[in-house]
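Visitor: What follows is a protein structure lacking sequence information:
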């Protein structure tokens, strides 16, 4: 029970990463903040080591995000902190794109946990959704990079700590609605086929 609570707390801390950086720099130097964030990252990785095979993006996202934070650790500057969301997006893009080229896709893997016998139309839909998410990660990473290099710390925090999550939630919500329509249409097409067989 304690392990689950700690894992959730660590996850929340990293979810609120931009705000933690924005507030943390008011109290400590980039070096000490980087040290604290790296400790959080490694702790979360240790806590989740048993599910790394179910969450293939976790290891590369942690590695690339950690690399960005290490930059701030050794340079005692904020640039590494600001590049962290970019690195996580890049890791997600790499994992989703690789799974598209070398199936099963990440989404298919999760879908088969609910339904091991996915029909062909579902697999086709899942591959399209995977491409949509790849496109999203490219756009989100580009905006994140722009805010890191050319925007104020407030704008960077607002986008990467709030707006990006709203966009992710919106895309997930839209995909869910579209999926319901696709499933309904597939079910309607299957009924006439079943009648003919009879």
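Guide: That came through fine. Quick caveat: nothing in here was measured; it's all calculated off a predicted structure.

Visitor: tell me the pLDDT at the closest residue in space to residue 35 that isn't next to it in sequence?
Guide: Nearest in space to residue 35, with sequence neighbours left out and distances taken as C-beta to C-beta, 6 or more residues apart in numbering, is residue 73 at 6.4 Å. C-beta: built from backbone N, CA, C; applies to glycine. pLDDT for residue 73: 90.

Visitor: do the same with residue 105
Guide: 92.

Visitor: Same question for the longest helix belonging to the chain: list its buried residues.
Guide: The longest helix of the chain (DSSP state H) is helix 164-197. Judged by neighbour count using 16 or more other C-beta atoms under 10 Å, the buried positions of helix 164-197 are 164, 171, 182.

Visitor: quick one on the thing from earlier: which residues are contacting the helix or strand hosting the residue nearest to residue 35?
Guide: Under the criterion of DSSP states H and E, residue 73 resides in helix 58-75. Identification of contacts with helix 58-75 by C-beta atoms under 8 Å, 6 or more residues apart in numbering yields 30-31, 33-35, 37-38, 41-42, 44-45, 48, 51-52, 77-81, 83-84, 86-88, 90-92, 94-95.

Visitor: Helix or strand next in line after that helix, which one?
Guide: Next element after helix 58-75 (DSSP H and E): helix 79-101.

Visitor: Counting by contacts, list what that following helix packs against.
Guide: Helix 79-101 sits against helix 17-24, helix 30-47, helix 58-75, helix 106-114, helix 120-150, with contacts defined as 3 or more C-beta pairs under 8 Å, 6 or more residues apart in numbering; DSSP states H and E.

Visitor: Ok, which of the ones you listed comes nearest residue 100?
Guide: Closest approach to residue 100 among the helices and strands packed on helix 79-101 is made by helix 120-150 (4.8 Å; C-beta to C-beta).

Visitor: In terms of helices and strands, where is residue 158?
Guide: Assigned by DSSP H and E, residue 158 falls within helix 153-158.

Visitor: Can you give me the buried ones in that helix?
Guide: By neighbour count with 16+ other C-beta under 10 Å, helix 153-158 contains the buried residues 153, 156, 157, 158.
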